[in-house]
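Engineer: Sequence first, predicted model second:
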Amino acid sequence: MASNFKSLNVVLLCLLLLRTSAVLAAPLPCSAPEYHQFDFWVGDWEAFETSTGAKDAHVRVDRILDGCVLREQYDGDNGHRGQSFSLYDSSRKIWRQSWVTNRGEFLAIEGKLQGNTMVLSGSDLSASGRQQLVRGNWRPVAGGVRETAFTSTDGGKAWKQWFDLTFRPAKSDHDNTPDDQRAVAALDTEYQAAVKKNDEITMARLLADDFVLVTGSGKTYRKADLLQEARSGRIVYQHQEDAARTVRVWGDTAVVTAKLWEKGTDAGRPFDKTVWFSDTYVRTPHGWRYVFGQSSLPLPAR
């Protein structure tokens with residue numbers, strides 16, 4: 001009897017081990033590579049209009065339902081809110097996405113990964129009730145994701161851009177402040193060096209298009225003024241260095257304060273002066289840009 005009981009236990013243990021092995025060997029749902037083609041969009045993002053850099057929305061994309069579905073939560077700065085749900089349909093081997101909003105809007109699109117770009121398309125009704133085709137492209141870019149949408153009212157012969165957004169990682173008040181301080185300090189050093197060498201190309205890259213400089217005497221200069229000055233070569237610098245510099249960062253805005261020593265000739269006339277200045281930088285989808293400068297009157301000579 002004891003021998004039979006022992007044999008039964010061995011059989012039960014073997015069955016349990018076989019069942020466990022089968023469970024462990026079974027693939028997890030949605031674990032195949034196809035289900036992760038859109039993972040580059042997962043994250044906590046701030047969305048900006050690509051052409052202007054204007055903030056559009058806060059967007060969070062995460063995985064739900066055991067990782068099988070991408071859920072987008074869109075909170076527009078103008079009160080427009082929506083959610084989309086994207087999944088890989090293995091039976092049809094395509095991606096499908098549905099989009100709903102707090103304004104009663106609905107859109108269903110589908111498609112595939114083409115190269116490094118997710119391309120989803122479908123049909124919709126315009127605000128006037130006219131049938132139109134819709135196509136959305138998502139692709140990874142340096143430091144984020146770019147989403148561009150187009151519409152067509154002639155069956156796809158001509159396409160018109162609907163919107164163009166660039167997603168950048170959302171920043172908390174404590175995120176990357178030391179890194180941002182170092183980055184802005186390096187850019188300010190690069191800018192001062194460019195001024196010293198009359199390097200118009202570097203200055204143009206770092207200056208925002210709407211840049212303004214206000215001097216202690218009340219004069220104002222814009223980007224075009226400074227680039228023209230560099231282009232002319234009228235000013236020749238011996239020294240253009242700053243000291244006692246501090247960099248403070250508040251989210252997407254940074255202020256550099258320092259004492260600047262300038263020495264050289266202006267149209268052959270010598271100058272030698274020291275001023276305090278503050279430079280304001282703003283984070284854009286294309287990196288930090290110098291948007292505003294202010295300098296003091298020359299400090300008394302020692």
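Structural biologist: Here it is on my side, so go on.
Engineer: Skipping adjacent residues, who's closest to Asn116 in space?
Structural biologist: Arg139 (5.6 Å; CB to CB, 6 or more residues apart in numbering). For the C-beta atoms, the positions are set from N, CA and C on the backbone; glycine is no exception.
Engineer: got the contact list for the one you found?
Structural biologist: For Arg139, the contact set (CB atoms under 8 Å, 6 or more residues apart in numbering) comprises Asn116, Thr117, Met118, Val145, Arg146.
Engineer: Mind checking which of those residues are buried?
Structural biologist: Using 16 or more other CB atoms under 10 Å as the burial test, these include Met118, Val145, Arg146 as buried.
Engineer: Just give me the neighbour total for the nearest residue to Tyr35 once chain neighbours are set aside.
Structural biologist: Leaving aside its sequence neighbours, Tyr35 sits nearest to Tyr88 (CB to CB, 6+ apart; 4.8 Å). Other residues lying near Tyr88 total 22 when counted by other CB atoms under 10 Å.
Engineer: can you tell me how far Tyr88 sits from Asp66?
Structural biologist: 13 Å (CB to CB, to the nearest Å).
Engineer: what is in contact with those two at once?
Structural biologist: Cys30.
Engineer: Find the helix or strand that His239 is a member of.
Structural biologist: Secondary structure from DSSP states H and E places His239 in strand 235-250.
Engineer: which parts of that strand are buried?
Structural biologist: Of the residues in strand 235-250, those buried (16+ other CB under 10 Å) are Ile235, Tyr237, Gln240, Asp242, Val247, Val249.
Engineer: Figure out how far the helix or strand following it is from the centre of its chain.
Structural biologist: Going down the chain from strand 235-250, the next helix or strand is strand 253-266, by DSSP H and E. Centre-to-centre, strand 253-266 and its host chain are 30 Å apart (CA atoms, centre = their mean, to the nearest Å).
Engineer: Show me which residues of strand 253-266 are buried.
Structural biologist: Within strand 253-266, the residues scored as buried using 16+ other CB under 10 Å are Ala254, Val256, Ala258, Leu260, Glu262.
Engineer: cool, and stretch 68-79?
Structural biologist: So for stretch 68-79, counting by 16+ other CB under 10 Å, buried means Leu70, Arg71, Glu72, Tyr74, Gly76.
Engineer: that older thread, got the phi/psi numbers for the residue nearest to Tyr35?
Structural biologist: phi -90, psi 120 (degrees, to the nearest 10).
Engineer: same question, the one 4 residues further on
Structural biologist: The phi and psi values for Arg92, taken as degrees, to the nearest 10, are phi -110, psi -10.
Engineer: thinking again about what came up before, including distance to Val195 and pLDDT, could the buried residues of strand 253-266 go into a markdown table?
Structural biologist: Compiled in a markdown table, the buried residues of strand 253-266 are given as follows (distance: CB to CB, whole Å; pLDDT from 0 to 100):
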| residue | distance to Val195 | pLDDT |
| --- | --- | --- |
| Ala254 | 19 | 94 |
| Val256 | 14 | 95 |
| Ala258 | 13 | 93 |
| Leu260 | 10 | 91 |
| Glu262 | 9 | 92 |
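Engineer: Closest one to Gln132 out of those residues, please.
Structural biologist: Distance to Gln132, by CB to CB, is smallest for Ala254 among those, at 42.7 Å.
Engineer: any idea how far Gly111 is from the closest one?
Structural biologist: Taking CB to CB, one finds Ala254 at 40 Å from Gly111.
Engineer: Please name the bridge partners of the residue nearest to Asn116.
Structural biologist: As for beta bridges, Arg139 partners with Arg146 under DSSP bridges.
Engineer: which sections of the protein are below the confidence cut-off?
Structural biologist: Applying pLDDT under 70 to the chain flags the ranges 1-27, 126-127, 172-176, 285, 302.
Engineer: Can you point out the buried residues in stretch 90-105?
Structural biologist: Buried, per 16+ other CB under 10 Å, within stretch 90-105: Trp95, Arg96, Gln97, Trp99.
Engineer: Which members of those are positioned in strands?
Structural biologist: Taking DSSP state E, the ones among the buried residues of stretch 90-105 that sit in strands are Trp95, Arg96, Gln97, Trp99.
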